[in-house]
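K.L.:
how does the following fold in three dimensions:
(chains A, B, C and D)
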There are 2 protein chains.
Amino acid sequence: MTAPQGRPVTDSGTSATGAPGGARGDTVAAVVRQWREVRPDLDTGPMEVIGRINRCAALLQQAEDAPLRRAGLSRPEFDLLGALRRTGHELTPGELARETFSSGAAVTKRLKQLTERGLVERRGDTRDRRVAHLRLTDAGRDLVDGLMPEQLAYETAVLSGLDGPGQAELAALLGELLGQLEGRLGALRA
Amino acid sequence: MTAPQGRPVTDSGTSATGAPGGARGDTVAAVVRQWREVRPDLDTGPMEVIGRINRCAALLQQAEDAPLRRAGLSRPEFDLLGALRRTGHELTPGELARETFSSGAAVTKRLKQLTERGLVERRGDTRDRRVAHLRLTDAGRDLVDGLMPEQLAYETAVLSGLDGPGQAELAALLGELLGQLEGRLGALRA
DNA sequence: AACAGGTATTTTACTCGTAAAACATGTACG
DNA sequence: CGTACATGTTTTACGAGTAAAATACCTGTT
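P.N.:
Numbers count the residues shown, from 1 in each chain, chains lettered A, B, ... in the order given. Just a heads-up that it's a prediction; the model follows:
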């Protein structure tokens, strides 16, 4: 059942960058179209943003994992190793949890696996015996350093559907939104 | 095939004035900064897009769920009900799986719960006894119809950090990217 | 008619993340 | 000092998703 489209939307215009012909119709657009047909009273504006973010994230993660899987790493594990690599110094489990936006329990589990695999080393704090300090082993560091370029190259390929300026603009807009979300979402718990 | 030309993203729009507490500088920007310090040879361009998409998705989902939780629904469950509502007709489990981008097994489990709660009804196909047809009960339909505006209003509030044109532009760019990803990711399995 | 093979759905076994409790230690204050 | 509370980390119990096997059914071929 095809819908008579071309209906001008009330607000939040859908076309901002004079749609370059062709790439018409991602799945989110189709969903939005369905909603408008069944519930024309709804303002579907937010769906076009949030739905697409979620869908992009799902697809990207699926694709993103491909190079990592070759190294036997999951994305969360790689994030953890990456946090150790990019900060350049030791981190405690708690800091790692904050750095990777995951729960302490999850970090504990990952650390167990990664230490068993010899990618990460643990050292107890001498002053405060509750805390541990984690650092990459040489093997861990080599793994991350070898994987990073491969990973970034793959991501570049995945994003190549969008031209350079498009990517920059997308990054800027997402950064703006993200800044607002991170700043205010803690307070927005209705 | 890689053109390692310096990407002009630099500090990406958000001029980090460093004021903590204010909405300056999202966390992804900080991560990128760290990477550039430790590995200046890497092209961190993709991270600014993909990292932000992932982080936005994580934050949005956490926030998004708030109104749904009041109704005792998870996001995937709501998506399933929404698919039934917006298509306007019965769907088979397989169609629901495709429509909500989840596995058949997951759909089976959700359907079990939702039928038990009386939100969804099952009807066996008379021609082909393998397939089932699912539809919303009156209660299910009322629930979705009541929840949708609330949910959209909440999403509108969550996105309000970005002005109208910004949202439209973001939606357009994401749509372009998503169209490419959906069209090509099936084929991109390296 | 019977069988090979395909399709729709469910079941099974397992992994992973989480919330909450448990544990181990530090700190402040009477 | 010692007790109460705070903090860092791990353990436990459990819920949810997945891949692959199992189940049930259809369809075309001989």
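K.L.:
only C-alpha atoms from now on, for both contacts and neighbour counts.
P.N.:
OK.
K.L.:
how about the residues of chain A near DNA strand D?
P.N.:
Residues of chain A lying near DNA strand D by C-alpha under 7 Å from any atom of the strand: A:92-95, A:104-105, A:107-109, A:130-133.
K.L.:
just to check, residue A:171 is in contact with residue B:49?
P.N.:
Yes: counting by C-alpha atoms under 8 Å, residue A:171 touches residue B:49, with 4.9 Å between them.
K.L.:
can you give me the distance of residue A:152 to residue A:55?
P.N.:
21 Å (C-alpha to C-alpha, to the nearest Å).
K.L.:
so which residues of chain A form helices?
P.N.:
A:27-38, A:45-70, A:75-87, A:93-100, A:104-116, A:138-159, A:164-184 (DSSP state H).
K.L.:
just send these back as CSV, with mean pLDDT too.
P.N.:
Output for those, formatted as CSV (pLDDT from 0 to 100):
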stretch, mean pLDDT
helix A:27-38, 95
helix A:45-70, 90
helix A:75-87, 96
helix A:93-100, 96
helix A:104-116, 96
helix A:138-159, 94
helix A:164-184, 92
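K.L.:
winner for burial among those helices?
P.N.:
helix A:164-184 (a mean of 21; mean count of other C-alpha atoms under 10 Å in any protein chain shown).
K.L.:
output the contacting helices and strands for that helix.
P.N.:
Helix A:164-184 sits against helix B:27-38, helix B:45-70, helix B:164-184, with contacts defined as 3 or more C-alpha pairs under 8 Å, 6 or more residues apart in numbering or on different chains; DSSP states H and E.
K.L.:
and the spatially most central residue of chain A, what is it in contact with?
P.N.:
Centroid-nearest residue in chain A, with C-alpha atoms, centre = their mean: residue A:57, separated by 6.1 Å. Residues in contact with residue A:57 (C-alpha atoms under 8 Å, 6 or more residues apart in numbering or on different chains) are B:50, B:53, B:54, B:57.
K.L.:
what's the answer for residue A:124, then?
P.N.:
Applying C-alpha under 8 Å, 6+ apart, the residues contacting residue A:124 are A:131, A:132, A:133.
K.L.:
just to revisit the earlier point, and the contacts of residue A:57 as CSV, adding distance to residue B:159?
P.N.:
Output for the contacts of residue A:57, formatted as CSV (distance: C-alpha to C-alpha, whole Å):
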residue, distance to residue B:159
B:50, 19
B:53, 14
B:54, 16
B:57, 12
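K.L.:
closest to residue A:61 among these?
P.N.:
Each of the contacts of residue A:57 was scored against residue A:61 by C-alpha to C-alpha, and residue B:54 proved nearest at 8.2 Å.
K.L.:
measure that closest one to DNA strand D for me?
P.N.:
Counting by C-alpha to the nearest atom of the strand, to the nearest Å, the separation of residue B:54 from DNA strand D is 17 Å.
K.L.:
what do you get for residue A:168?
P.N.:
Distance from residue A:168 to DNA strand D, by C-alpha to the nearest atom of the strand: 31 Å.
K.L.:
again, but for residue A:59
P.N.:
For residue A:59 relative to DNA strand D (C-alpha to the nearest atom of the strand), the value is 12 Å.
K.L.:
wait, that residue touches residue B:181, no?
P.N.:
Yes: using C-alpha under 8 Å, residue A:59 is in contact with residue B:181, at 7.3 Å.
K.L.:
on that earlier part again, DNA strand C: which of the contacts of residue A:124 is nearest?
P.N.:
residue A:131 (8.3 Å; C-alpha to the nearest atom of the strand).
K.L.:
list buried residues within the contacts of residue A:124.
P.N.:
A:132, A:133 (16 or more other C-alpha atoms under 10 Å in any protein chain shown).
K.L.:
in strands, which of the contacts of residue A:124 appear?
P.N.:
A:132, A:133 (DSSP state E).
K.L.:
quick check: residue A:155 touching residue A:65?
P.N.:
No: contact criterion C-alpha under 8 Å: residue A:155 and residue A:65 do not qualify, at 10.1 Å.
K.L.:
of all residues in chain A, which one is closest to DNA strand C?
P.N.:
residue A:128 (3.5 Å).
K.L.:
what about that residue, how many residues nearby?
P.N.:
Number of residues near residue A:128 (other C-alpha atoms under 10 Å in any protein chain shown) recorded here: 8.
K.L.:
go on, residue A:129?
P.N.:
Residue A:129, neighbours per other C-alpha under 10 Å, totals 8.
K.L.:
quick revisit: export the helices and strands packed on helix A:164-184 as a markdown table, with columns for distance to residue B:118.
P.N.:
As requested, those are exported to a markdown table (distance: least, C-alpha to C-alpha, whole Å):
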| stretch | distance to residue B:118 |
| --- | --- |
| helix B:27-38 | 43 |
| helix B:45-70 | 17 |
| helix B:164-184 | 34 |
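K.L.:
to residue A:115, which of those helices lies closest?
P.N.:
Once the helices and strands packed on helix A:164-184 are compared by C-alpha to C-alpha, helix B:27-38 is nearest, at 23.0 Å.
K.L.:
summarise which helices and strands that closest one is packed against.
P.N.:
With contacts defined as 3+ C-alpha pairs under 8 Å, 6+ apart, the packing partners of helix B:27-38 are helix A:75-87, helix A:164-184, helix B:45-70.
K.L.:
please consider this matter closed, and thank you.
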